[in-house]
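Participant: model the following, please.
(2 chains)
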Amino acid sequence: MTSRSARLAAYCLLALHAVAALPGFFAPYGYAVQDRDFPYAPPTRLHFFDARGTLHLVPFIYGLRPDEGGSYAEDTSERYPLRFFARGDSYRLLGLIPSSRHLVTVDAPGRLFLMGSDALGRDLFSRLVYGGTVSLYAGLFGAALALALGGLIGALAGFYGGRLDSVLMRTSEVFMALPWLYLLIAARAIQPLDTPPARALLIVILILGGFGWPRPARLIRGVAASIGRREHVLAARGFGASDLYLLRRHVLPRTGSVIWTQGALLVPQFVLAEVGLSFLGVGVSPSIPSWGNMLGDLQHFHVLTSDWWWLGFPGLALVFVTLAYHLLARGATVTSG
Amino acid sequence: MRFLSRRALHGLVLLFGVSLLTFVLAELAPGDYLSRLRLDPTVSDETIELMNERLGLDRSAAARYFYWLRSVARLELGYSYQSGEPVAGRVGAAARNTLWLSGVATLLAWAVALPLGLWLAERRGRTEVALASGATSLLLAVPDVLLALALLLLAVRTGWFPTGGMVSLGFAELGWSARLLDLIHHAALPVTALVLTIVPTLVRHVQAAFGDVLDSAFLRAVRGAGIPRRRRLLRYALPAAANPLISLFGLSIASLLSAALLIEVVMSWPGIGPLMIAAVHSQDIYVVLAVVLASTVLLLFGNLTADLALYALDPRIRREGE
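Facilitator: Residues are numbered from 1 along each chain as shown, chains lettered A, B, ... in the order given. Okay, the predicted model is just below:
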């Protein structure tokens, strides 16, 4: 049961990360494209039947016109069928290959707001996809960095023992005893708040990795210490194997399950950390969407008092991702335990 | 006693290290408190020079750190660039509010988690347990920010709760009972948010700790001896399960403080969280420094409490110390 749900979670996460890796293609519009005529538009409804009741196999949408109540009504005079793999805003695939194909979009005067629009009339779905690139990969790379650091430090400490071990483990204790979010914010203040988003993102990742290594390091140290004393390792050493060989051949392969489990636990934690930082306005600046700074919009009083529920979609995405990672972590613990 | 003094020394060293680290990080930041003022065409160069000198920004970093340490010795914790006053008063008041919020939330969370976890541990394998584990999984997956926002939405929509702050206007004129009520009214939502973020982890650990103990041979012996359930759980199971739970209390404080920061900001609770964010935005270094120190002190204080409780309750640890 657990392994099946873990596998399902893994597939979902793979799919999400694939979408987040190619945001330009999956998002109908660019993340900064504004349509000032349609602020806070609700999610666009997809229709199959037109006003005369005729069935259309390709779903279509209607245009919007503002009504007197400050909201929008559908303008049924013109239909805009969904277009797949059509040309739209240009972007660079993986930051390299220029392209303008989008998975789904509609023809020009029509606007496809699958998840509604924000205060500046930007498509929330597109921003959610682009924001996923920032939030998901910040968590992933941050965790990868923390695991690499932790694995290295833990393996060294456990393998060599002695003074090196005690120094490294004391350091990790100090790091674990720190109020990490406060330090994260203080560390983020190294850079002025208006640094270019790409640089800010890199810094967030470095900080996450730099503060996250102690816990995996301690666990991996335990594994490395117990393996270093096993007979087959001692025998290999007796045959003249070098330390590097022993670490690579005998110690590191055994730490695999610990690393996987810790990874599944760390990534959602780091995704949330990035979201927290950006939410507070000290992470990635709002010119590039991240799930954190998108959620920051919800803090405004005028948003809270109105019915713009679709602004909560980034939160829903966050819950989904965290849940999937937790299932994965549980699956990893069960199989390795 | 030796145990205590060693811990205190440890804490002091840690505080010194944290202050140095934060100071260095702040020094590495390009620009300083005055850089935004320099961009303002209405402020003359002479004014900037004067302020530079008065705030001590023209001195070397080492000198400033030294002056700051001296000011710490006078219990002022440096001067705020913005207000020109010693930082200690403002940060102290904010830290008290944070302590208040997280202290009450911790107490409440344990008051909920202990009986709930115990109850679940006794009923292993039944539907309630599966339901509860599903509920805790779900709650664990909801980020603190989102919880706080949802509760804020509730406050705004229903008007049952104030949407921010710690006390109403005119708090000073109220009698003590009305004051208490007002405080509870304001604290209800932030405390709820904080409790909801920490309870799932606590319940899981309590359940696991009691599960191990209830399985153990000595408790089966106790049951076999015909000792009634209540006494069995409170007198025998609880002390045996206490050790990992107290350690958990010590370890969970860091995440408690982080959650408190986000909740304080969302709910405008006048704690160290909002103070820190404002100070970071205006590059008011000494306020940032003092807040980081205050959070470290809160953390050490919590860890020390956990250590002392462990020392008092677990004879195994006492023997080790001797």
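Participant: what mean pLDDT does the helix ranked longest in chain A have?
Facilitator: In chain A, taking DSSP state H as the definition, the longest helix is helix A:124-160. Throughout helix A:124-160, pLDDT has a mean value of 90.
Participant: got the angle between the next helix or strand after it and helix A:124-160?
Facilitator: Next along the chain after helix A:124-160, taking DSSP states H and E as the criterion, comes helix A:162-176. In terms of direction (axes from the mean of the first three to the mean of the last three C-alpha atoms, to 10 degrees), helix A:162-176 departs from helix A:124-160 by 150 degrees.
Participant: residues from chain A in reach of chain B?
Facilitator: Within chain A, the positions lying close to chain B (C-beta under 8 Å from any C-beta of the partner chain) are A:174, A:176-183, A:185-193, A:268, A:272, A:275-276, A:279-282, A:292, A:295, A:298-299, A:301, A:304-305, A:315, A:318-319, A:322-323, A:326. Using the backbone N, CA and C atoms, a C-beta is placed for each residue, glycine as well.
Participant: center of chain A, which residue is that?
Facilitator: A:Leu136 (1.1 Å; C-alpha atoms, centre = their mean).
Participant: quick one, what contacts that residue?
Facilitator: With contacts defined as C-beta atoms under 8 Å, 6 or more residues apart in numbering or on different chains, A:Leu136 is in contact with A:16-17, A:20, A:271, A:321.
Participant: may I ask which helix or strand of the chain has the lowest mean pLDDT?
Facilitator: Went with chain A since none was named. Least confident helix or strand of chain A, by mean pLDDT, DSSP states H and E, is helix A:301-304 with a mean of 75.
Participant: check which element follows it along the chain.
Facilitator: helix A:313-336.
Participant: show the contacting residues for the spatially most central residue of chain B.
Facilitator: With distances taken as C-alpha atoms, centre = their mean, B:Leu257 lies nearest the centre of chain B, 2.9 Å away. The contact partners of B:Leu257, by C-beta under 8 Å, 6+ apart, come to A:179, A:181-182, B:98, B:102, B:295, B:298-299.
Participant: how far does the strand or helix carrying it sit from its chain's centre?
Facilitator: For B:Leu257, the enclosing helix or strand under DSSP H and E is helix B:238-266. Relative to the mean C-alpha coordinate of its chain, helix B:238-266 is positioned 8 Å out (C-alpha atoms, centre = their mean, to the nearest Å).
Participant: with stretch A:112-131 instead?
Facilitator: Centre-to-centre, stretch A:112-131 and its host chain are 17 Å apart (C-alpha atoms, centre = their mean).
Participant: about what we covered before: send the alpha carbons of the least confident helix or strand of chain A over as PDB?
Facilitator: This file holds the C-alpha atoms of helix A:301-304, laid out as PDB (Å, rounded to 0.1, in the frame of the first residue of the first chain):
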ATOM      1  CA  PHE A 301      -6.500  43.500   3.100                       C
ATOM      2  CA  HIS A 302      -8.500  44.300  -0.100                       C
ATOM      3  CA  VAL A 303      -7.700  40.700  -1.300                       C
ATOM      4  CA  LEU A 304      -8.800  39.100   1.900                       C
END
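Participant: good, we can wrap up now.
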